[in-house]
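> would you be able to build a 3D model of this:
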Amino acid sequence: MKILITNDDGIFAPGVEALADLLSHFGEVVIVCPDTEKSAYSHKITLRQPLKLKKIDFAPNAEAYAVNGSPADCVKLAMEVLLKEKPDIVFSGINIGPNVGRDMYYSGTIAAAQEAMLYQVPSVSVSLETFKTSKIKFSIVKQLLYNVVEVILQNKIAKNVMLNVNLPYTSKELCKGVCVVPMDLSISRYNFVALNDPQGQDYYWLKDSYQDLKVNEGTDYHLLKDGYITVSPIDLKNTQKRKIDQISRWFNKINYIQEEN
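Predicted coordinates:
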């Protein structure tokens with residue numbers, strides 16, 4: 001099995017090293033990551049500057065490259081330039097900090113996995129529910145993730161679907177289980193706060209309110225905080241035939257007038 005790994009925390013993030021070590025037990029691993037942190041880059045691609053693939057001495061069990069671009073750039077370059085054939089699956093992560101709810105639209109981690117979907121390659125984004133990078137024991141994280149990866153690889157991810165996986169920072173023994181849930185888009189995690197510069201002018205900074213959110217039971221936020229692994233399928237299919245037919249009828253009058261003329 002050929003596995004492509006990427007992330008948005010950068011090539012030297014400890015999460016990508018942990019993920020590469022884990023996935024090397026399942027197949028041949030290639031890593032293509034941004035050369036610096038690109039968090040919250042969403043699905044940005046680079047149009048107006050050249051990109052470079054730089055080989056990195058990463059680990060004996062993985063071939064690794066750094067790219068001076070976005071997470072989506074990394075996957076696109078890997079698919080179109082670096083790899084002779086498509087990988088069997090793409091993993092993006094392990095991201096430091098969860099990706100829940102509206103993060104689906106902002107996260108570079110998720111966007112990289114979505115880019116793989118555009119190439120009809122199964123993909124998984126993986127995030128960890130902690131922000132204390134220096135205190136993370138990745139041996140615990142890998143034990144928690146191993147069985148999840150094993151189940152995913154034993155089954156076939158549906159076409160045009162990716163899986164967004166969030167891990168609680170807890171031991172395998174204390175984890176309460178795995179819940180497959182939609183991402184709760186009703187909650188706004190990032191909110192602007194106003195501050196004053198030395199001249200007394202207002203400026204605005206986005207504050208992450210994740211730790212203070214009051215969330216509904218059964219949501220990805222709630223279950224993750226409660227000690228469950230959450231798995232959220234994300235569908236690439238953005239349009240539905242029924243909606244296309246419905247909205248087409250809105251314009252019937254315009255089309256009729258044009259045909260008359």
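
> which residues does residue 133 contact?
Applying CB atoms under 8 Å, 6 or more residues apart in numbering to residue 133 gives the contacts 14, 96. All C-beta spots, glycine's among them, are computed from the backbone N, C-alpha and C.

> tell me how far it lies from residue 93.
From residue 133 across to residue 93, the span is 14 Å (CB to CB, to the nearest Å).

> middle-most residue in the chain, spatially?
residue 110 (1.9 Å; CA atoms, centre = their mean).

> low-confidence ranges in the chain?
Residues of the chain meeting the criterion pLDDT under 70: 238-240, 255-261.

> and if we set it to 90?
Across the chain, the ranges flagged by pLDDT under 90 are 58-61, 132-134, 156, 158-161, 186-189, 197-198, 200, 209-218, 235-261.

> so which residues of the chain form helices?
Using DSSP state H, the helices of the chain run over residues 14-23, 71-77, 103-106, 108-118, 138-154, 220-225, 241-250, 252-260.

> can those helices go into TSV with extra columns for distance to residue 55?
Formatted as TSV, these follow (distance: least, CB to CB, whole Å):
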stretch	distance to residue 55
helix 14-23	15
helix 71-77	13
helix 103-106	30
helix 108-118	19
helix 138-154	24
helix 220-225	36
helix 241-250	46
helix 252-260	55
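
> closest to residue 179 out of those?
Smallest distance to residue 179 across the helices of the chain (CB to CB): 4.9 Å, for helix 220-225.

> pull the residues that contact the closest one.
Contacts to helix 220-225, defined as CB under 8 Å, 6+ apart, come from residues 98, 100-101, 129, 166, 168, 179, 181-184, 187, 213, 215-216, 230, 232.

> now, the residues you listed that are in strands?
Counted as lying in strands by DSSP state E, out of those, are 129, 166, 168, 179, 230, 232.

> please report the distance of the third one from residue 141.
To tie it back to what came earlier, the one meant is residue 168. Taken as CB to CB, the span from residue 168 to residue 141 is 10 Å.

> more neighbours: these two, which one.
residue 141 (25 against 22; other CB atoms under 10 Å).

> what about the closest residue to residue 124 other than its chain neighbours, how many residues close to it?
Nearest non-adjacent residue to residue 124, counting by CB to CB, 6 or more residues apart in numbering: residue 163, 4.7 Å away. Using other CB under 10 Å, residue 163 is surrounded by 20 other residues.

> where's residue 163 relative to residue 148, distance?
Taking CB to CB, one finds residue 163 at 9 Å from residue 148.

> shared neighbours of those two, anything?
In contact with both residue 163 and residue 148: residue 231, using CB under 8 Å, 6+ apart.

> for stretch 6-16, measure first residue to last.
Start and end residues of stretch 6-16 are separated by 7 Å (CA to CA, to the nearest Å).
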